[in-house]
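Chemist: turn this into a structure:
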Amino acid sequence: MQFATRKRRGTPAVIIVSLIDVLIVVLIFMMVTTTFKQQAAIKVVLPKSNQPKTGARTAEKDLVVTISKTGLFFLKGDPVTSEKLEQRLKDAAAANSNLTMTISADTDTPLGQVVKVLDAASAAHIKVVNASVDSEGKK
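Modeler: Numbers count the residues shown, from 1 in each chain. Sure thing, here's the model as predicted:
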């Protein structure tokens, strides 16, 4: 009696081309649905200015202090109290002697809050303090 020998089956082959196609479709889907624009955490209506914009734009290494309409302080988007603001400004000024600070305040911000930020910058020995405005002048 002769038994038939079974042929050994090889391991199934994975078709890489179809997997690459699926990965490309997923990548395209992720690129289309992802938002790359950074949304502002605080809505601030900047004051208008008739003067043309001069100088360089705010550099990324500069400190940006935002003051909301209600008078709350935000340092680089993080809410801080006036005491913490002064301490963080001192720490940043100690790390970088050529530090530049930009104040971005709403048009309805109380003037006293802006003065508090200016006092904190003065106490931290920050020499250059800029203000963010919307320019309506000629460019």
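
Chemist: what mean pLDDT does the longest helix along the chain get?
Modeler: Criterion DSSP state H: the longest helix present in the chain is helix 16-33. Averaging pLDDT along helix 16-33 yields 90.

Chemist: after that helix, next one along is what?
Modeler: strand 48-49 (DSSP states H and E).

Chemist: where along this structure do the strands fall?
Modeler: 48-49, 63-67, 73-75, 78-80, 100-105, 128-131, 134-135 (DSSP state E).

Chemist: export these as TSV, with columns for mean neighbour count, mean pLDDT and distance to Asp91.
Modeler: All C-beta spots, glycine's among them, are computed from the backbone N, C-alpha and C. Formatted as TSV, the strands of the chain follow (neighbours: other C-beta atoms under 10 Å; pLDDT from 0 to 100; distance: least, C-beta to C-beta, whole Å):
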stretch	mean neighbour count	mean pLDDT	distance to Asp91
strand 48-49	12	72	31
strand 63-67	21	88	11
strand 73-75	19	89	11
strand 78-80	14	88	12
strand 100-105	20	88	13
strand 128-131	14	86	17
strand 134-135	12	70	31
